[in-house]
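# Next comes the sequence, and after it the predicted model I'd like to discuss.
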Amino acid sequence: MKLTKKQLKENQAGICQLLRETEREGIEDLIGWMEDETDFFTAPASSKPERHGCHEGGLANHSANVYAVFEQKARQYGLGLTDDEIVIASLLHDLCKANFYTPNTLKNGKISEAKPYAIEDAFPMGHGEKSAYLASKYIPLTNNEALLIRWHMGPFEKEWEFYGDKVKKACPAIVAFHHADHEASTYLDEKL
């Protein structure tokens with residue numbers, strides 16, 4: 001899968017526009033960091049071809065897809081979230097994957113077909129926790145946003161067994177958000 005330069009630019013423009021529409025304090029600083037100091041808009045979403053978004057621009061594409069699915073679920077189920085909460089949680093849930101992957105170069109200088117990207121995590125804080133932390137360095141997060149971002153992996157997190165019921169009580173939208181992430185990964189990320 002290869003996104004065209006036009007698709008990469010469209011994803012970036014669409015994500016930045018949605019973030020700006022929140023008019024959240026600090027949003028321009030966050031966008032500036034994403035555009036100037038990270039590879040968010042060109043990064044893959046995963047390191048292995050059998051996983052979703054293992055290509056240039058996969059992370060931004062996945063984030064936009066999660067927004068599309070979750071926005072529909074939030075309306076359908078009346079989850080009681082604001083438009084801003086839907087945008088912020090969806091588009092920033094995998095912020096931890098910015099500056100996270102590097103090309104997996106073999107000894108002969110070629111990129112591995114089996115695993116084109118390697119992980120180089122300079123700030124190993126976890127997955128959802130790291131995304132929430134990075135976003136909160138620039139913008140204030142609501143409780144819903146922080147919980148949605150932190151727990152978007154749902155039962156794929158070891159701690160879910162202990163915290164899952166508490167998270168669902170504190171933020172009932174978490175199940176729909178986890179499913180939106182999983183549906184986008186499974187059905188949309190590779191369909192362009």
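On my side now, so go ahead.

# show me the contacts for the residue nearest to the spatial centre of the chain.
In the chain, the residue lying closest to the centroid (C-alpha atoms, centre = their mean) is residue 94, at 2.8 Å. Residue 94 sits next to 45, 59, 62-63, 131 when contact means C-beta atoms under 8 Å, 6 or more residues apart in numbering. From N, CA and C alone the C-beta is placed, and that goes for glycine too.

# count of neighbours near residue 102?
By the measure other C-beta atoms under 10 Å, the count of residues near residue 102 is 13.

# got it, and the one 5 residues further on?
The local packing count at residue 107 equals 5, with neighbours defined by other C-beta under 10 Å.

# Next up, phi/psi of it, please.
Main-chain dihedrals, residue 107, degrees, to the nearest 10: phi -60, psi -30.

# pLDDT wise, what is it at?
Per-residue pLDDT puts residue 107 at 84.

# cool, and residue 51?
Looking at residue 51, its pLDDT is 79.

# mind showing which ranges of this structure have poor pLDDT?
Scanning the chain for pLDDT under 70 picks out 1, 191-192.

# Go through the top helix by length along it and flag the buried ones.
In the chain, taking DSSP state H as the definition, the longest helix is helix 58-77. By 16 or more other C-beta atoms under 10 Å, the buried positions in helix 58-77 come out as 58-67, 69-71, 73-74.

# What is the subsequent helix or strand relative to that helix?
Where DSSP states H and E defines the elements, the next helix or strand beyond helix 58-77 is helix 83-92.

# Would you check how far apart residue 119 and residue 46 are?
From residue 119 across to residue 46, the span is 10 Å (C-beta to C-beta, to the nearest Å).

# Can you pick out the residue with more neighbours from the two?
When residue 119 and residue 46 are compared for neighbours, residue 46 comes out ahead with 23 against 13, by other C-beta under 10 Å.

# Surely the more buried one and residue 58 touch.
Yes: counting by C-beta atoms under 8 Å, residue 58 is a contact partner of residue 46 at 7.0 Å.

# which residues are in contact with both of the two?
By C-beta under 8 Å, 6+ apart, residue 46 and residue 58 have these common neighbours: residue 52.

# list the contacts for the residue located most distally from the centre of the chain?
Residue farthest from the centre of the chain, counting by C-alpha atoms, centre = their mean, is residue 108 at 32.8 Å. Listed by C-beta under 8 Å, 6+ apart, the contact set of residue 108 is empty.
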